[in-house]
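S.K.: A predicted structure for the sequence below; I have some questions about it.
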Amino acid sequence: MFQPISLNKTVGEDYDMDLGDALNTKVAMTGPGQMTLPDHSLTEFPDRPMIDGVRNFQSAHGLAVDGVMKTDGPTIGQVNKVLAQNSISAPKNPRRQSKPLENQDANNRFREKFHPPNGRPR
C-alpha cells in the first residue's frame, strides 16, 4: 500500500532542514530516478545530490526549478503523485530522533560547504 512522504520542515539549501526530511527526500528522489543512489548508501544529512535531485524532479515535471520542497507545496504534491503511480512508498519510519544541536550542526556544515562566507564552494 502506498504511503506518501511528508515533511516536518521545508527542504532547500537556505533552510534549516530536518534530518528525517532529508532522508525522506533522498528516498523519494531515488525512486523516480532523479537522484543516483550513492555508493556509501543514503544518509540523513542534506547534501548537493539531494538538492540537485529536487531540481531535476522539478524540471522533469514542469514545476518551478528552485531546489525547494515545502511541506504543502507543489513539489511534494507531485512527488507523492509519482510515487503513487509507481507504487513506491516512503520509508515506514526513517526518522531518527536527533537532538536539536546535532541537527543544527549538520545544517551549519551544509551551509559552510555550499554557502561559505567568501562566496566560493569548497
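M.R.: In hand now; what should we look at?
S.K.: in this protein, which spans are strands?
M.R.: Assigned by DSSP state E, the strands in the chain number zero.
S.K.: Show me where it has its helices.
M.R.: Per DSSP state H, the chain has helices spanning 19-30, 48-60, 74-85, 100-114. These are given in chain order.
S.K.: Let me know which of these is tucked in deepest.
M.R.: helix 19-30 (a mean of 23; mean count of other Cβ atoms under 10 Å). (Glycine included, C-beta is placed from N, CA and C.)
S.K.: if we can go back for a sec, format the helices of the chain as CSV; extra columns: distance to Asp39 and mean pLDDT.
M.R.: Listed next are the helices of the chain as CSV, based on distance: least, Cβ to Cβ, whole Å; pLDDT from 0 to 100:
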stretch, distance to Asp39, mean pLDDT
helix 19-30, 13, 90
helix 48-60, 12, 94
helix 74-85, 24, 92
helix 100-114, 19, 53
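S.K.: Indicate which one of those is closest to Pro38.
M.R.: helix 48-60 (6.8 Å; Cβ to Cβ).
S.K.: hang on, the earlier thing: I'd like the helices of the chain as CSV, with distance to Pro4 appended.
M.R.: Shown next, in CSV, are the helices of the chain (distance: least, Cβ to Cβ, whole Å):
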stretch, distance to Pro4
helix 19-30, 10
helix 48-60, 15
helix 74-85, 4
helix 100-114, 23
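S.K.: wait, which of those helices is closest to Asp66?
M.R.: That would be helix 48-60 among those, by Cβ to Cβ, at 7.1 Å.
S.K.: Compute the inter-axis angle for that closest one and helix 19-30.
M.R.: With axes from the mean of the first three to the mean of the last three Cα atoms, to 10 degrees as the basis, helix 48-60 and helix 19-30 are set at 50 degrees to each other.
S.K.: Residues contacting helix 48-60, please?
M.R.: 11-13, 22, 25-26, 29-30, 32, 34-36, 38, 63-69, 75, 78-79, 114 (Cβ atoms under 8 Å, 6 or more residues apart in numbering).
S.K.: again, 6 Å this time
M.R.: 13, 25-26, 29, 34-35, 65, 67, 69, 75 (Cβ atoms under 6 Å, 6 or more residues apart in numbering).
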